[in-house]
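Q: no FASTA, just this:
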């Protein structure tokens, strides 16, 4: 399960697609007719563009929840030091249900992953029995979230 993104992998977005994305970043439930009026397209044209953006992996339309409010009391960022093929390890990590974010990094860690767990026992299971048993994992360091202060997805487009 790979969601690799590279600048050369996709052609640049045109201004209309960028405008549609920005409209949906403000309100993911905004009607296509309203978006069409704002960007100068018909409702059908907006619908087609949105579907192409979703199908191509440029964007997702999802409900973002507060994990605490839906039964997940433990979130953490885990730094991973690894040997071997980082892309294969990143793909293996991305396949785990508890992991919602995987990045290959430069610096003190080779990869960073965010996990959302039911409780500390669940977090221990994910670290000890799932992550640390993967081939190539040399060391992990866990940063437990105490409180979420900000999480936004409205950075716009370039």
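A: Happy to help now that I have it. Here the structure is a predicted model, which means the values were calculated and not measured.

Q: where do the strands sit along the protein?
A: 74-82, 99-104, 111-117, 137-144 (DSSP state E).

Q: and these, which is most packed in?
A: strand 111-117 (a mean of 20; mean count of other C-beta atoms under 10 Å). (Each C-beta comes from the backbone N, C-alpha and C, glycine too.)

Q: Tell me the strands beside that one, with direction?
A: Paired neighbours of strand 111-117 in the sheet (DSSP bridges): strand 74-82 (antiparallel), strand 99-104 (antiparallel).

Q: for those strands, which one sits closest to residue 13?
A: Across the strands paired with strand 111-117, residue 13 has its closest neighbour in strand 99-104 (22.0 Å, C-beta to C-beta).

Q: all helices for the chain, in order.
A: 15-26, 32-39, 43-55, 86-94, 120-125 (DSSP state H).

Q: Pull up the gap between residue 135 and residue 23, please.
A: As for residue 135, its distance to residue 23 is 44 Å (criterion: C-beta to C-beta, to the nearest Å).

Q: Export the strands paired with strand 111-117 as TSV, with columns for distance to residue 89 and mean pLDDT.
A: Putting these into TSV (distance: least, C-beta to C-beta, whole Å; pLDDT from 0 to 100) gives the following:
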stretch	distance to residue 89	mean pLDDT
strand 74-82	5	97
strand 99-104	9	97
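
Q: how about a markdown table for the ones you listed, with distance to residue 53 added?
A: A markdown table is the format used below for the strands paired with strand 111-117 (distance: least, C-beta to C-beta, whole Å):
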| stretch | distance to residue 53 |
| --- | --- |
| strand 74-82 | 28 |
| strand 99-104 | 21 |
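
Q: Quick one: closest of these to residue 140.
A: Per C-beta to C-beta, nearest to residue 140 of these: strand 74-82, 5.4 Å.

Q: what's that closest one in contact with?
A: Under the criterion C-beta atoms under 8 Å, 6 or more residues apart in numbering, residues 67, 89, 93, 108-120, 122-123, 127, 131, 136-145, 148 lie in contact with strand 74-82.

Q: from the chain's centre, how far out does stretch 104-123 sit?
A: 13 Å (C-alpha atoms, centre = their mean, to the nearest Å).

Q: How about stretch 100-119?
A: Counting by C-alpha atoms, centre = their mean, stretch 100-119 comes out at 11 Å from the chain centroid.
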